[in-house]
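Participant: Quick one, what's the 3D model for this:
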Amino acid sequence: MTPDREFELDLRGVACPMNFVKTKLLLDKMGAGQLLHVLLDGGEPAQSVPASVAEEGHQVLAVERCAGGHFRLTVRKV
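Facilitator: Sure thing, here's the model as predicted:
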């Protein structure tokens with residue numbers, strides 16, 4: 001995988017804690033420096049997934065509110 005490749009994961013409608021589990025599984029397959037964009041529902045997913053990803057040591061670059069009430073999390077794999 002190339003360092004500049006970006007991945008996107010749509011987890012809207014996925015319940016906690018499975019949204020973090022699916023995020024972690026994809027991050028485990030990615031190379032250092034690659035970006036992951038995750039679409040999440042508001043509320044607990046938008047709060048817990050960024051915190052859990054940061055706790056794993058990855059860099060949370062942004063958590064943006066999107067139209068429709070969901071959020072877009074941008075993570076750089078470390």
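Participant: mind checking the SS state of the residue most central in space within the chain?
Facilitator: When the chain is reduced to its mean C-alpha position, the closest residue under Cα atoms, centre = their mean turns out to be V38, at 4.0 Å. Taken by DSSP: H, G, I helix; E, B strand; the rest coil, the conformation at V38 corresponds to strand.
Participant: hey, where'd the helices end up in this protein?
Facilitator: For the chain, the helices defined by DSSP state H occupy 18-29, 44-55.
Participant: what about this structure, any weak spots by pLDDT?
Facilitator: Segments of the chain classed as low confidence (criterion: pLDDT under 70) are 1-4.
Participant: The helices of the chain: which one's closest to C66?
Facilitator: Closest to C66 of the helices of the chain is helix 44-55 (Cβ to Cβ; 10.4 Å). Just so you know, the C-beta spots here come from the backbone N, C-alpha and C atoms, and that holds for glycine as well.
Participant: which parts of the closest one are buried?
Facilitator: Buried residues in helix 44-55, defined by neighbour count with 16 or more other Cβ atoms under 10 Å: P45, A46, V49, P50, S52, V53.
Participant: Look up how far K29 lies from the second one.
Facilitator: Read it as A46. Per Cβ to Cβ, to the nearest Å, A46 is found 23 Å from K29.
Participant: What is the nearest of the buried residues of helix 44-55 to R12?
Facilitator: Taking Cβ to Cβ as the measure, R12 lies nearest P45 of these, at 8.7 Å.
Participant: now the closest one, nearest residue through space, not along the chain?
Facilitator: N19 (5.0 Å; Cβ to Cβ, 6 or more residues apart in numbering).
Participant: Which one, of the helices of the chain, ends up nearest to D10?
Facilitator: Shortest separation from D10 across the helices of the chain is recorded for helix 18-29, at 10.0 Å, computed as Cβ to Cβ.
Participant: other SSEs contacting the closest one?
Facilitator: Here helix 18-29 is seen to pack against strand 6-10, strand 35-40, helix 44-55 when contacts are counted using 3 or more Cβ pairs under 8 Å, 6 or more residues apart in numbering; DSSP states H and E.
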